[in-house]
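[1] Quick one: sequence and predicted model below, then my questions.
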Amino acid sequence: MAKIETLFPILQPSPSPSELKGLARTAAEAPLDSTGSLTEYRPLTSRTIVNRVSSNRRLPFTHAINPYRGCEFGCRYCYARYTHEFMEMTPDEFERKIYFKRDSAWLLEQELKRLKPGTEIAIGTATDPYQPLERRLKITRSLLEVFARRGGFRLGIISKSTLIARDADLLKEVARSNSLTVHITVTTMNTNLARKLEPRAPRPDLRMRTIAELREAGLRAGAMCSPLMPGITDSASSIRAVARAAAAAGASFLGSGALFLKPCSLPTFLAFVQENFPEQLESYRRRYAGSAFVSPAYRERMAALVDQICREFKLGKRHMYEDAAREQGAEAVELQPWLPFAGAGREGRERRAGV
C-alpha cells in the first residue's frame, strides 16, 4: 500500500501545542487577533524586545529590535523567512502568519536601563517595523515614544514602508536626544520588477517620496539599494536610476548590499527567477549552491561601482564617519549590509538577534 503521508502531506495532522516546546508552543497557543488578505495576526508574549546581535562579521550595530515576527510584504528574496522555523512553521508561512510582540514599550523601558549610552540599536533587521499591521497597532510608534524620553543611543531604522512618514514629528523628537538614521530600501525603480520582487510593499516612487518627506522634516534619511541581485538589479543603469531618484529626493546617502540567501529562502527566490529570469536560473543555482553569500570579488566590484555612483550624484555614505574618511582621502572601513545573522551560529546566536 502506498504511504499516504508521502502522497498527501497536507493531510497529515499538525503537532498539537502540547507536543511543541518553547517559542513554537507559545506561537501555537497564540489566539487569533485578526485577519487580513490571506494573513493571520496573532499576539506573541516575549521576554525581551532588545536583543544582542552576535556575529563574526563587522556590523554597524550591536543590538536589534523587531516588534513583529513575519512580514506581510512577501519579498521573494527575504532571508528572514527561516525565523518561522523556530516556531515549527514553513518559510512560506512567514508572510501569512504575522505575530506582534506584546508589551513592547514596557519591555523597552526596562531593558534600556541596562544598556550603556552610545549603544547601537537597529530597528527592523528581520521584519519591517512599518508593515501594514503597524498602522493599527502602533507598536513601533510606542517604541519611538520610549526613545524620545531616553537619549544617548545610536539608532537606525530600516523599512520599505511609506507609513514611517506618519511618525516624522516623533522621529524628530527621538533625533534630538539620540543619533538617528532612517534607511528606506529601494531595490529598483522599475515598478513592474518591484511588484514581482516585493508584491505587497509600496511602489519605489512612493518610497522615494517618503525619503523626501523625512528629509524635509530635518531627519537623516537615505536609500538602501538592496539587495543587489546579479543580472537583475546590479547593473550600473539600475543602480544609477535609484541614485538619481534618491538625489532628487534629497537623500542623505545611498547604501547597498548584495543578495544574501539562506537555504530556506532559496526555493522561493529560485521560483521567482525561473518565472521571470529563466536564463539566470542555472547561474543562481551555482552561485548559491555552497554559500548564502556572494563572493568577496563580487562584493568588492559592487562596492566600487556604488561608490562611483554615489560620487556622481553627490550622495553620502550610510555611516557619517565613512563620509569623513572619504573626504580625507582615507579608506573607509567596509561594513556589510544590515544582515543581523551573517556568519552567526544558527540556533543560539540567531535566537539572540531578536527575530
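    Good, I have the coordinates. Because the structure is predicted, anything quoted here is derived from the model rather than measured.
[2] So the nearest residue in space to residue 152 that is not next to it in sequence, which state does it fall into?
    Nearest residue to residue 152 in three dimensions, chain neighbours excluded: residue 117, at 3.7 Å (CB to CB, 6 or more residues apart in numbering). Backbone N, C-alpha and C define where each C-beta goes, glycine included. The three-state label given to residue 117 by DSSP: H, G, I helix; E, B strand; the rest coil is coil.
[3] quick one: residue 117 and residue 177 touch, right?
    No - taking contacts as CB atoms under 8 Å, residue 117 lies outside contact range of residue 177: 10.6 Å.
[4] all helices of the stretch 1-150 of the chain, in order?
    4-7, 22-29, 104-112, 134-137, 139-149 (DSSP state H, counting those that start in this stretch).
[5] Lowest mean pLDDT across those, which one is that?
    Comparing mean pLDDT over those, the weakest stretch is helix 4-7, at a mean of 38.
[6] Which helix in the protein has the most residues?
    helix 296-312 (DSSP state H).
[7] now that helix: mean pLDDT?
    96.
[8] That one - contacts with which helices or strands?
    Here helix 296-312 touches helix 236-248, strand 254-258, going by 3 or more CB pairs under 8 Å, 6 or more residues apart in numbering; DSSP states H and E.
[9] Put the alpha carbons of the shortest one into PDB.
    Provided in PDB are the C-alpha atoms of strand 254-258 (Å, rounded to 0.1, in the frame of the first residue of the first chain):
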ATOM      1  CA  LEU A 254      22.800  55.800  -0.800                       C
ATOM      2  CA  GLY A 255      23.800  52.400   0.600                       C
ATOM      3  CA  SER A 256      23.800  48.900  -0.900                       C
ATOM      4  CA  GLY A 257      24.200  45.200  -0.100                       C
ATOM      5  CA  ALA A 258      24.500  42.100  -2.200                       C
END
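[10] Please, where are all the helices along the stretch 151-300 of the chain?
    Counting by DSSP H, counting those that start in this stretch, one finds helices in the stretch 151-300 of the chain at the ranges 168-177, 191-197, 204-216, 236-248, 266-276, 281-287, 296-312.
[11] list the helices and strands the first one packs on?
    For helix 168-177, the elements it packs on are helix 139-149, strand 179-185, helix 204-216, judged by 3+ CB pairs under 8 Å, 6+ apart.
[12] ok, back up a step: closest one to residue 145 among the helices and strands packed on helix 296-312?
    Among the helices and strands packed on helix 296-312, the nearest to residue 145 by CB to CB is strand 254-258 (27.2 Å).
[13] shaky segments in the stretch 51-200 of the chain?
    Where the stretch 51-200 of the chain drops to pLDDT under 70, the residues are 54-60, 84, 86.
[14] neighbours around residue 166, how many?
    Residues lying near residue 166 (other CB atoms under 10 Å) number 17.
[15] for it, what are its contacts?
    Residues in contact with residue 166 (CB atoms under 8 Å, 6 or more residues apart in numbering) are residue 141.
[16] For it, give its distance to residue 288.
    37 Å (CB to CB, to the nearest Å).
[17] same check, this time on residue 227
    12 Å.
[18] of those two, who's got more company?
    When neighbours are counted by other CB under 10 Å, residue 227 and residue 288 differ, and residue 227 comes out ahead with 26 against 21.
[19] isn't the more buried one right next to residue 186, touching?
    No - between residue 227 and residue 186 there is no contact under CB under 8 Å: 11.5 Å.
[20] which residues are contacting stretch 296-309?
    Residues contacting stretch 296-309 (CB under 8 Å, 6+ apart): 225, 228, 230, 234, 236, 239-240, 243, 254-256, 258, 315, 334.
[21] Of the residues you listed, which is the nearest to residue 274?
    Among the contacts of stretch 296-309, residue 230 lies closest to residue 274 (CB to CB), at 15.3 Å.
[22] now the closest one: how far from residue 294?
    Taking CB to CB, one finds residue 230 at 7 Å from residue 294.
[23] Who has more neighbours out of the two?
    residue 294 (21 against 18).
[24] Quick check, the more buried one in contact with residue 261.
    No - the criterion here is CB under 8 Å, and residue 294 misses it with residue 261 at 9.3 Å.
[25] Name the residues contacting each of residue 230 and residue 294.
    Common neighbours of residue 230 and residue 294 (CB under 8 Å, 6+ apart) are 259, 287.
[26] Settle this for me: residue 198 is touching residue 160, isn't it.
    Yes - with contacts defined as CB under 8 Å, residue 198 counts as touching residue 160 at a distance of 6.6 Å.
[27] Between residue 117 and residue 177, which is the more surrounded one?
    residue 177 (14 against 10).
[28] for the nearest residue to that one once chain neighbours are set aside, what are its contacts?
    Counting by CB to CB, 6+ apart, residue 177 lies nearest to residue 151, which is 2.8 Å off, once chain neighbours are set aside. By CB under 8 Å, 6+ apart, the contact list for residue 151 reads 176-178.
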